[in-house]
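Undergrad: Sequence and predicted model, in that order:
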Amino acid sequence: MPDSAAAAPPVDAMAYREAMSRLASSVHLITTDGPGGRAGFTASAVCSVSDTPPTLLVCINRASSAYAALTRNGVLCVNTLGEGHQALATRFGGRTPMDERFADGAWRRLRSGAPALADALVSFDCRLVGRHDVGTHDVLFCAVEAVAAAGEAEPLLYSERRYRTLPRVPRLGSAPSEPAKPSRALGARPVDAPMPALRSA
Ligand SMILES: NC(=O)C1=CN([C@@H]2O[C@H](COP(=O)(O)OP(=O)(O)OC[C@H]3O[C@@H](n4cnc5c(N)ncnc54)[C@H](O)[C@@H]3O)[C@@H](O)[C@H]2O)C=CC1
Ligand SMILES: Cc1cc2nc3c(=O)[nH]c(=O)nc-3n(C[C@H](O)[C@H](O)[C@H](O)COP(=O)(O)O)c2cc1C
């Protein structure tokens, strides 16, 4: 390791958050129900781990009001949000009493008994199969036991501390009614548009 790297100061939490705020993430409502009670929270720290067996990971702050219920119930549903779900994302994002979080939205149950948002872009119904604590958070390993994809909306994204959506482009396999227009939002590029030449800084 070069001396300059070894001497570099550690990255503090605020600098780390500032750096992380530049990423764009999908937004999910993580819900649970069972003997530990009904609970849910908004999460961006969700990632696919394996397709065999289908496994997701979800990072949850142990200080979250949903933590006790989720770990006691051992089941959860990862509901991926689309455009139009921003109010729900805000409501599940903290400081709202649990019952109020579920007051809006159409909820159903898949296999686990955790609430599944009927018009989510996709819902992954899961059983908790592993837990690893790292710093303030637990990394939850979640075996996916059912999937429901109802929504046709564009995904809801979170970037630079605000919610955003991608510009609409024709769906793959559907005939475009008009030529796709390149958009600058989020640097997104229609899938059938030519790749722009790369520029170096
Ligand atoms: N992974 C997490 O626990 C996340 C927590 N949040 C919480 O939501 C609230 C609003 O967040 P922002 O408006 O994005 O501003 P922010 O400045 O608190 O966070 C910026 C980015 O840093 C990361 N981050 C924030 N808090 C974190 C934590 N405790 N552990 C690991 N990564 C974290 C996330 O990627 C977030 O988008 C804050 O209270 C924040 O802590 C937000 C996003 C992710
Ligand atoms: C866009 C967004 C993404 C978030 N992602 C996560 C996450 O991945 N993990 C987490 O523990 N908290 C995350 N949070 C924070 C929780 O949603 C919130 O703190 C949680 O509901 C706990 O608040 P409460 O204790 O008032 O219930 C996120 C918040 C927002 C607004």
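TA: Arrived safely, thanks for sending. Ligands and ions are numbered 1, 2, ... in the order given.
Undergrad: With residue 43 as the reference, measure out to residue 71.
TA: 15 Å (Cβ to Cβ, to the nearest Å). Yep, even glycine has a C-beta here, placed from its N, CA and C like the rest.
Undergrad: do residue 168 as well
TA: Between residue 168 and residue 43 the computed distance is 25 Å (Cβ to Cβ).
Undergrad: Among these two, which residue is more densely surrounded?
TA: Legend: neighbour count by other Cβ atoms under 10 Å for residue 168 and residue 43, higher for residue 43 (24 against 13).
Undergrad: Residue numbers of the protein in contact with ligand 1?
TA: Proximity of the chain to ligand 1 is confined to 17, 20, 21, 44, 45, 59, 61, 136, 161 under the rule Cβ under 6 Å from any ligand atom.
Undergrad: Can you tell me which of those end up in helices?
TA: 17, 20 (DSSP state H).
Undergrad: most neighbours, which of the residues of the chain next to ligand 1?
TA: Highest neighbour count within the residues of the chain next to ligand 1, by other Cβ under 10 Å: residue 59, with 18 neighbours.
Undergrad: Buried residues in stretch 133-146, which are they?
TA: Residues of stretch 133-146 classed as buried: 137, 138, 139, 140, 141, 142, 143, 144 (neighbour count, 16 or more other Cβ atoms under 10 Å).
Undergrad: Stretch 148-156 now?
TA: Across stretch 148-156, burial judged by 16+ other Cβ under 10 Å covers 148, 150, 151, 153, 155, 156.
Undergrad: what bridges to the nearest residue to residue 98 once chain neighbours are set aside?
TA: Closest residue to residue 98 in three dimensions, ignoring its sequence neighbours and counting by Cβ to Cβ, 6 or more residues apart in numbering: residue 39, at 5.6 Å. Assessed by DSSP bridges, residue 39 has beta-bridge partners residue 32.
Undergrad: now the one 4 residues further on
TA: Per DSSP bridges, residues listed as beta-bridge partners of residue 43: residue 28.
Undergrad: So, low pLDDT: which residues of this protein?
TA: Filtered on pLDDT under 70, the chain yields the residue ranges 1-9, 173-201.
Undergrad: circling back to that earlier point, tell me which two in the residues of the chain next to ligand 1 are the farthest apart.
TA: Within those, 136 and 161 form the most distant pair, 19.2 Å apart (Cβ to Cβ).
Undergrad: Run through the residues of the chain sitting next to ligand 2.
TA: 27, 41-45, 59-61, 64-66, 92-95, 158.
Undergrad: Pull the distance from stretch 126-139 to the chain's centre.
TA: 16 Å (Cα atoms, centre = their mean, to the nearest Å).
Undergrad: what's the answer for stretch 156-172, then?
TA: 13 Å.
Undergrad: What residues sit buried inside it?
TA: Buried residues in stretch 156-172 (16+ other Cβ under 10 Å): 156, 157, 158, 163, 164, 165, 169.
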